[in-house]
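**Q** everything below, folded, please.
(chains A and B)
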Amino acid sequence: KAGVTQTPRYLIKTRGQQVTLSCSPISGHRSVSWYQQTPGQGLQFLFEYFSETQRNKGNFPGRFSGRQFSNSRSEMNVSTLELGDSALYLCASSFLAGGPGEQYFGPGTRLTVT
Amino acid sequence: GESVGLHLPTLSVQEGDNSIINCAYSNSASDYFIWYKQESGKGPQFIIDIRSNMDKRQGQRVTVLLNKTVKHLSLQIAATQPGDSAVYFCAENYGGSQGNLIFGKGTKLSVKP
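**A** Numbers count the residues shown, from 1 in each chain, chains lettered A, B, ... in the order given. Purely as a prediction, here's the structure:
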């Protein structure tokens, strides 16, 4: 069974631009969560989607948004990029929603904002 | 590979020795705890979890201990192998909501052959 895949793996953007990251969960998994990982703040929860609905949202500004499609694939978007948005963005999928449980992480997308 | 932390605490052990990685959690209401392993260039990998109604749980070569009195969690790895070299994170959760999952900063485990 294929794992969680994220595209692209690396991305360089300029301040003010916007970016869209993609995540394909493990087949059969309907819950997708997104996390931001930085050296200073560690891993921080962004949002969770289940059956195309956002179930939870972390403490991030409205510039961070996401969505989930009917095939459970998910995208996250960051608008008006700031230097501080440089991070590793991870998505994780799980079969069940609503609890952290056993979730499977993808390799991440490394975003660098210059 | 990806750098997950510039100033992480580091634990260096000899191959074959046992490793103990510690974690202090912040919320006395947390009722579920998870340990993750993150290798360079990869996302975190679930290792083992424990609920607050337990104080010990064992897996394959790993044991998690929970001390709610002092809000402390530890991960013990038996017979540490070079493949165990990674960054290890604890995470705490309360209320069962994904949004309430709080991760620790991590400890880097380095195994010397």
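**Q** which stretch of helix or strand covers the spatially most central residue of chain A?
**A** With distances taken as Cα atoms, centre = their mean, A:Trp34 lies nearest the centre of chain A, 3.2 Å away. A:Trp34 is located in strand A:31-38, with elements delineated by DSSP states H and E.
**Q** do the worst-scoring helix or strand of chain B on mean pLDDT and chain A meet?
**A** With mean pLDDT, DSSP states H and E as the measure, the helix or strand of chain B carrying the lowest mean pLDDT is strand B:101-103 (a mean of 86). Yes: in terms of Cβ under 8 Å from any Cβ of the partner chain, part of strand B:101-103 sits within range of chain A, namely B:101, B:103. All C-beta atoms are positioned from the backbone trio N, CA, C, and that covers glycine.
**Q** what pairs with that strand, and is each one parallel or antiparallel?
**A** strand B:86-93 (antiparallel) (DSSP bridges).
**Q** count the neighbours of the closest residue to A:Gln6 other than its chain neighbours for me.
**A** Spatial nearest neighbour of A:Gln6, excluding adjacent residues (Cβ to Cβ, 6 or more residues apart in numbering or on different chains): A:Gly106 at 4.1 Å. Neighbour count for A:Gly106, taken as other Cβ atoms under 10 Å in any protein chain shown: 24.
**Q** per-residue confidence at A:Gly106?
**A** Looking at A:Gly106, its pLDDT reads 96.
**Q** which residues sit in contact with it?
**A** A:3-6, A:23, A:90-93, B:43 (Cβ atoms under 8 Å, 6 or more residues apart in numbering or on different chains).
**Q** swap the cut-off to 10 Å and go again
**A** A:3-7, A:9, A:22-26, A:32, A:89-93, B:42-43 (Cβ atoms under 10 Å, 6 or more residues apart in numbering or on different chains).
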